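Engineer: sequence first, predicted model second:
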Amino acid sequence: MTKLARKLRLHDYFALAFGTMIGTGWLVLMDDWLGRGGPLGAILGYTIGGIILLPIGYVYGQWVQRLPDAAGEAAYTAQVFPPIVSYFTGWMMLLAYFIVCPWEAVALGKLVAYIFPSLNTVELYRIGDQPVFLPRVVLGVGPTIFLGVLNYRGIRLSANFQKLMTSAVLLCFLVIVSVSATRGVPANFHPLFNTTPLISILLTLQIVPYFMTGFESVPKYAEESNPEFRQGNYMWAIALALGMGAFFYSMCIAAVTYAAPWRSLLGKRFATAIAFESALKAHWPVTLIFTMALLGLFQCFNGNFAASTRLLFAFGRRGTIHASFGSVHEQFQTPHVAVLGVTAGSIAGLFLGDALLVPVTEVGSMASALGWFAACASFWMVDSRAGVRIATGLGVLVSLVFILMKVLPVVPRHFSPAEWIAFGIWIVLGAALHWGRS
């Protein structure tokens, strides 16, 4: 039986995990972040989020060494829970990755339409009050097919593309932070919080799982590591991705609010670009930021695309969905049917348009937290060492808090009816694939 190609090294794992986290949210949704927490509330939200996710990262690092399986959370929970629990745990995690793919495809049209407003023509229909334009849909199809072909032809091609995008994003990031440091003023930070400090931080923490999802994607490629890869490096890749992701988001928020008064950015599309254009009274920072956003879009799209295909492949191999998804291409050694499935699903999601952007953030956060909770709870049951249980218990607690912040009505910005409906549709789709697999 043909197996997946074993070609990944430490820098590949870091690029795939980091890239899965960092897309265009820091540009497209910066006004939402500042509206939630204000500058310091948002910065503390991401900083605290990165720190409290470390125990969860530790659990994943332990799991992948014990059980290197592309099924990830589905394989971990299968050790202690019934098969149906295992399947739907993995299905939730697949949602966290897959839902980013059409999100990024939609965001691409939004980015390019900002530069070329003529793309906002030929309205097909509206979802809510958000129009769906034909040129923007067509624009999103191209990159989706490109990434589908890239991942179809080999993990080496996908990883090399990811490293190129990640290196370019980090280089642009350094330039933007440097510009902000020289042109901004501290007075732009005031007021530090949008509401009370605690509420500001909590509102930001609600979306941290969605934007920080990616560090736990490392185990999905465990079967594709180079034969010389050391198992301890899985933990390094997870820790590096988690730390750099939290640092990146925190510094982006700081750079934007240092460059321009943050209240003037609320409700503005592409607030990050507006802040730097206002600070420098020039257009070149906008060009740089949009270039960085485009690179980030492709790295995030590719990272989540690859992770989604590995989970879908693992489900097919385990027989929890149709077995054809578990097949491996004889020449390219890739999960080619799963790649085709994710490509088709991403194109279908494009037709939801801009209405997809903010609600997806909320649903993705919930899905990620559920996956983390199940992985940590499973490890608590299989490893009884005192020190390990302390870290695992913290992981269980943190992920449970993230879940409760989305479902408890007393918490601001909890799940709306529309988000519950979207969540329910995904559950029904998973059930249909599972029970109709034969």
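Structural biologist: In hand now; what should we look at?

Engineer: can you give me the helices for the stretch 201-350 of the chain?
Structural biologist: With helices called from DSSP state H, counting those that start in this stretch, the stretch 201-350 of the chain shows them at 208-212, 232-259, 271-280, 284-318, 336-350.

Engineer: return the member of these having the minimum mean pLDDT.
Structural biologist: Sorting those by mean pLDDT places helix 208-212 lowest, at a mean of 85.

Engineer: report the buried residues of that helix.
Structural biologist: Buried residues in helix 208-212, counted by 16 or more other Cβ atoms under 10 Å: Val208, Pro209, Tyr210, Phe211, Met212. Yep, even glycine has a C-beta here, placed from its N, CA and C like the rest.

Engineer: same thing with stretch 286-297?
Structural biologist: Val286, Leu288, Ile289, Phe290, Met292, Ala293, Leu294, Leu295, Gly296, Leu297.

Engineer: buried stuff in stretch 313-328?
Structural biologist: Within stretch 313-328, the residues that count as buried by 16+ other Cβ under 10 Å are 313-318, 320-322, 325-328.

Engineer: from the residues you listed, pick the one nearest Gly57.
Structural biologist: Ranked by distance to Gly57 (Cβ to Cβ), the buried residues of stretch 313-328 are led by Ala314 at 20.6 Å.

Engineer: for the closest residue to that closest one other than its chain neighbours, what are its contacts?
Structural biologist: Nearest-residue entry for Ala314: Ala71, 3.6 Å, with adjacent residues in sequence omitted and distances by Cβ to Cβ, 6 or more residues apart in numbering. Residues near Ala71 by Cβ atoms under 8 Å, 6 or more residues apart in numbering: Ala78, Gly90, Leu311, Ala314, Phe315, Arg317, Arg318.

Engineer: quick one: which of those residues is nearest to Met366?
Structural biologist: Ranked by distance to Met366 (Cβ to Cβ), the contacts of Ala71 are led by Gly90 at 15.3 Å.

Engineer: so the closest one is in contact with Gly72, correct?
Structural biologist: Yes - between Gly90 and Gly72 there is a contact at 6.7 Å, judged by Cβ atoms under 8 Å.

Engineer: which SS state does Tyr125 fall under?
Structural biologist: At Tyr125 the chain is in strand, as set by DSSP: H, G, I helix; E, B strand; the rest coil.

Engineer: any idea what sits nearest it, other than its immediate chain neighbours?
Structural biologist: Among residues not flanking Tyr125 along the chain, Val132 sits closest, at 5.7 Å (Cβ to Cβ, 6+ apart).

Engineer: could you count how many residues lie near that neighbour?
Structural biologist: When neighbours are counted by other Cβ atoms under 10 Å, Val132 registers 21.

Engineer: tell me the angle the helix or strand harbouring Glu104 makes with helix 336-350.
Structural biologist: For Glu104, the host element (DSSP states H and E) is helix 100-115. Angle, helix 100-115 to helix 336-350, by axes from the mean of the first three to the mean of the last three Cα atoms, to 10 degrees: 50 degrees.

Engineer: elements contacting helix 100-115?
Structural biologist: On a contact count with 3 or more Cβ pairs under 8 Å, 6 or more residues apart in numbering; DSSP states H and E, helix 100-115 meets helix 25-28, helix 134-152, helix 284-318, helix 336-350, helix 357-382.

Engineer: I'd like the ones you listed as JSON lines, with distance to Leu429 appended.
Structural biologist: Below are the helices and strands packed on helix 100-115 laid out as JSON lines (distance: least, Cβ to Cβ, whole Å):
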{"stretch": "helix 25-28", "distance to Leu429": "25"}
{"stretch": "helix 134-152", "distance to Leu429": "19"}
{"stretch": "helix 284-318", "distance to Leu429": "12"}
{"stretch": "helix 336-350", "distance to Leu429": "10"}
{"stretch": "helix 357-382", "distance to Leu429": "13"}
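
Engineer: which of these sits closest to Arg437?
Structural biologist: Proximity to Arg437 (Cβ to Cβ) singles out helix 284-318 among these, at 8.7 Å.

Engineer: so who does Tyr258 touch?
Structural biologist: Contacts of Tyr258 were listed using Cβ under 8 Å, 6+ apart, and they are Ser180, Ala181, Gly184, Val185, Pro186, Asn188, Phe189.

Engineer: hmm, I typed the wrong one, I wanted Gly267.
Structural biologist: Contacts of Gly267 by Cβ under 8 Å, 6+ apart are Asp31, Gly35.
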